[in-house]
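Asker: quick one: sequence plus predicted model below, questions after.
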Amino acid sequence: MAREVDALGGQMAVTTDHTLTHVRRVGTGKGPAVQTTRAQVCKALYPATMRHVLERQENLSLIEGEVTSLGTAGGRVEAVSVTATDGSTLNLSTRCVVLTTGTFLNGLCHEGMSKTIAARHGDRSVAGLADVLLDLGVRTRRFKTGTTPRIVRSSVCFEKTEEMPSEPESGPLSFLHDRFFAMRPLLPTWQTRTSRDTHDLLRENLHASAMYGGEIEGVGPRYCPSIEDKVVRFSSKESHPVFLEQEEWDSESVYVQGFSSSMPADVQLAALRTIPGLHSVEMIRPGYAVEYDMADPLQLRPTLMSKLMDGLFLAGQINGTSGYEEAAGQGIVAGINAARWAWDEPPIEFSRTQSFIGVMIDDLVTKGVEDPYRMLTARAEHRLLLRHDNADLRLTPLAIELGLASTERRARLEEKVKCMAEGMSWLESNYIFEADNALLEARELAPVKGRASLYDLLKRPDVTLELVEGLAAEAGLDPSLGLPARAHGDSFGAVGHSVRAQIEIEAVYCGYLKRQEDEAQMARRLDQMPIPSEFDFVGLNGLSNESKEKLARVKPTTVGQAGRIPGVRPSDIALLIGHLRAGHSSLVRS
């Protein structure tokens, strides 16, 4: 999703490439649908760089303070009140507001039995804005997230851990870049594991945990549980992986990934010292859990505008998600649609067939959430089409249409499209003949009968583009006439590298890609069949009572969305389609 934000003209990946401390490819043991890049940034440099970008942005005013109220009239946002840090109150007229409150709404931090009213370490929570949302009729719930202890780098015995060096060959995160911009060599991370002693100590002290001691009412993330939750839920496991990540270039602070906890500080330290490499570790500050208010995303339109108040957009953790990428994806969608609302332009909706951002938003506004939502590749039914490498091909044309893409971004996309077309054309129009079978046999490849295009050879298992280039050269063909050169050293050649990777994927998975594209096209047709906003589902005879209740609650905007609501039967969708195609208007309330 970070790459999708970048493809739409967002800043996240650009700043990441300038502040990177560690990078690795993940999911490499699986297919391209789940492979991606994991990047860590300097905790001090990233926000400083991002603030500098914001301060230089034309037509943007930055006001630091607390939003205390929203002015509304006739079901629309009219104004917002902000109490600035100097105590003054600013009343700003506006047609739209985007709320990205994170964990600040009634935030409450837990460390053992100790509670602190705060949104996170060093930041106070906000109460008044939560009351404003309740007055609007927003349904709220309590969710929980957590963070890990920070430890002193010089107190770690790294010899007893496994070093995981950065993989700069992963390439930059932004489609705008051919390289990283880090001023120093990239850092490693280090892996270690919990032990039986760790688990025994945590079990003995579960009563002291804020979560297991009954102090926390909020629902925590299913896919990123605390260490004490791991010990209880996965009791058969003898250990769990722990990753040590240096937070800044010039800091002793190390983030203990995989060890979030709401235990008391003394228990956390004792548990850390049972882990290989951490037997003499010193702790900078303990981990803690944070409870906060979130808003039911079923009350949002697919544009992320509230169904209760025109001009009010919600994005990020307030919608029940967990994670930076999820928040960024919602933020850019809410921002796009808020701007279009302000200019009386039609909204932009992101479909499940177009992006992981679209999958996430559709899940939120169609299915709702029971626990903090994380975007998993398994949630996307067309994930082979929504790969890490082709986000620009999928979304940058939209960014160009909306005026979000710079001249450079547009030129790079055009170059990539041109290179791909030339590469595919060259592979499809050049052949290996039966007379060249000795070249194939020398590489332990099956011979061809008659002839086979280079593209057909590339479709074979374990045949790479580099191998095909070698064959072509020996057969008297010149790959440089159609294919971009391979990257060498630190010069990634992002466009050429991406083109080569995509050509290989297109060849190997061409049958699967065609099947998914056909399925996606069918889904698009259903998503293009609108349902009037005032459609009376309860009055439609023949619908099951369960479908009536769920359709009336979610108020889907298309037949495709209606069909994805859990519990709505296919037969009810068929009835709905028939009714809409017949053009009946009796069930649309005026």
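Answerer: Here it is on my side, so go on.

Asker: so what's residue 294 up against?
Answerer: 105, 140-143, 317-320, 369 (Cβ atoms under 8 Å, 6 or more residues apart in numbering). From N, CA and C alone the C-beta is placed, and that goes for glycine too.

Asker: of these, which is the nearest to residue 402?
Answerer: Here the nearest of those to residue 402, counting by Cβ to Cβ, is residue 319; it sits at 22.2 Å.

Asker: how about the closest one: what's its closest non-neighbour residue?
Answerer: The spatial neighbour of residue 319 that comes closest, neighbours along the chain excluded (Cβ to Cβ, 6 or more residues apart in numbering), is residue 297 at 4.5 Å.

Asker: also residue 353?
Answerer: That would be residue 520: by Cβ to Cβ, 6+ apart, it lies 3.8 Å from residue 353.

Asker: which residue ranges of the stretch 301-450 of the chain form helices?
Answerer: 324-342, 356-367, 391-402, 407-429, 437-442 (DSSP state H, counting those that start in this stretch).

Asker: can you say which of those helices is packed in most?
Answerer: helix 356-367 (a mean of 24; mean count of other Cβ atoms under 10 Å).

Asker: show me where the stretch 451-590 of the chain has its strands.
Answerer: 451-453 (DSSP state E, counting those that start in this stretch).

Asker: next, the buried residues of stretch 440-459.
Answerer: 440, 445, 448, 452-459 (16 or more other Cβ atoms under 10 Å).

Asker: which one of these is nearest to residue 164?
Answerer: Of the buried residues of stretch 440-459, the one sitting nearest to residue 164 (Cβ to Cβ) turns out to be residue 458, at 32.0 Å.

Asker: quick check: the closest one touching residue 502?
Answerer: No. Residue 458 is beyond contact range of residue 502, at 12.0 Å (criterion: Cβ atoms under 8 Å).

Asker: just give me the neighbour total for the residue nearest to residue 353.
Answerer: 18 (other Cβ atoms under 10 Å).

Asker: wait, it sits on residue 383?
Answerer: No. Shown here, residue 520 and residue 383 do not form a contact pair, counting by Cβ under 8 Å, at 10.8 Å.

Asker: what residues are shared contacts of these two?
Answerer: With Cβ under 8 Å, 6+ apart, residue 520 and residue 383 have no common neighbours.

Asker: which strands or helices does the lowest-mean-pLDDT helix or strand in the chain pack on?
Answerer: Taking mean pLDDT, DSSP states H and E as the measure, the chain has helix 494-508 as its least confident helix or strand, at a mean of 83. On a contact count with 3 or more Cβ pairs under 8 Å, 6 or more residues apart in numbering; DSSP states H and E, helix 494-508 meets helix 407-429, helix 454-458, helix 465-474.

Asker: elements contacting the last one?
Answerer: Yep, that's helix 465-474 we're talking about. Right, helix 465-474 is packed against helix 437-442, helix 454-458, helix 494-508 by 3+ Cβ pairs under 8 Å, 6+ apart.

Asker: of the ones you listed, which approaches residue 407 most closely?
Answerer: helix 494-508 (15.6 Å).

Asker: so what touches the helix or strand containing residue 245?
Answerer: If you go by DSSP states H and E, residue 245 is part of strand 241-246. Outside strand 241-246, the residues that touch it by Cβ under 8 Å, 6+ apart are 21-22, 40, 151, 153, 156, 161, 164, 187, 189-194, 253-259, 275, 277.

Asker: again, only using 10 Å
Answerer: With Cβ atoms under 10 Å, 6 or more residues apart in numbering as the test, strand 241-246 has contacts from 21-22, 40, 42-43, 148, 151, 153, 156, 158, 161-164, 187-194, 198, 227, 252-259, 272, 275-278, 281.

Asker: in strands, which of the residues you listed fall?
Answerer: 21-22, 40, 151, 162-164, 189-193, 253-257 (DSSP state E).

Asker: one step back: mind putting the helices and strands packed on helix 494-508 into TSV with distance to residue 32 and mean pLDDT?
Answerer: Formatted as TSV, these follow (distance: least, Cβ to Cβ, whole Å; pLDDT from 0 to 100):
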stretch	distance to residue 32	mean pLDDT
helix 407-429	15	93
helix 454-458	14	93
helix 465-474	14	90
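
Asker: can you redo these as a markdown table with distance to residue 572?
Answerer: Formatted as a markdown table, the helices and strands packed on helix 494-508 follow (distance: least, Cβ to Cβ, whole Å):
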| stretch | distance to residue 572 |
| --- | --- |
| helix 407-429 | 42 |
| helix 454-458 | 45 |
| helix 465-474 | 48 |
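
Asker: looking at those, which is closest to residue 539?
Answerer: Nearest to residue 539, of all those, is helix 407-429, at 48.0 Å by Cβ to Cβ.

Asker: for that closest one, packing partners?
Answerer: helix 2-7, helix 391-402, strand 451-453, helix 454-458, helix 465-474, helix 494-508 (3 or more Cβ pairs under 10 Å, 6 or more residues apart in numbering; DSSP states H and E).

Asker: quick one, which of the helices of the stretch 301-450 of the chain is nearest to residue 464?
Answerer: Residue 464 lies closest, by Cβ to Cβ, to one member of the helices of the stretch 301-450 of the chain: helix 407-429, at 12.6 Å.

Asker: just the CA trace of the closest one, in PDB.
Answerer: Taking Å, rounded to 0.1, in the frame of the first residue of the first chain, the C-alpha atoms of helix 407-429 are listed here in PDB:
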ATOM      1  CA  THR A 407       5.800  15.900 -14.700                       C
ATOM      2  CA  GLU A 408       8.700  13.500 -13.700                       C
ATOM      3  CA  ARG A 409       6.300  10.800 -12.500                       C
ATOM      4  CA  ARG A 410       4.300  11.000 -15.700                       C
ATOM      5  CA  ALA A 411       7.500  10.800 -17.800                       C
ATOM      6  CA  ARG A 412       8.800   7.800 -15.900                       C
ATOM      7  CA  LEU A 413       5.500   5.900 -16.300                       C
ATOM      8  CA  GLU A 414       5.500   6.600 -20.000                       C
ATOM      9  CA  GLU A 415       9.100   5.300 -20.300                       C
ATOM     10  CA  LYS A 416       8.100   2.200 -18.400                       C
ATOM     11  CA  VAL A 417       5.100   1.500 -20.500                       C
ATOM     12  CA  LYS A 418       7.200   2.000 -23.700                       C
ATOM     13  CA  CYS A 419      10.000  -0.300 -22.400                       C
ATOM     14  CA  MET A 420       7.500  -3.000 -21.500                       C
ATOM     15  CA  ALA A 421       5.900  -2.800 -24.900                       C
ATOM     16  CA  GLU A 422       9.300  -3.000 -26.700                       C
ATOM     17  CA  GLY A 423      10.500  -5.800 -24.500                       C
ATOM     18  CA  MET A 424       7.300  -7.900 -25.000                       C
ATOM     19  CA  SER A 425       7.400  -7.300 -28.800                       C
ATOM     20  CA  TRP A 426      11.000  -8.300 -29.000                       C
ATOM     21  CA  LEU A 427      10.400 -11.500 -27.100                       C
ATOM     22  CA  GLU A 428       7.300 -12.500 -29.100                       C
ATOM     23  CA  SER A 429       8.900 -11.800 -32.500                       C
END
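
Asker: nothing else from me, thank you.
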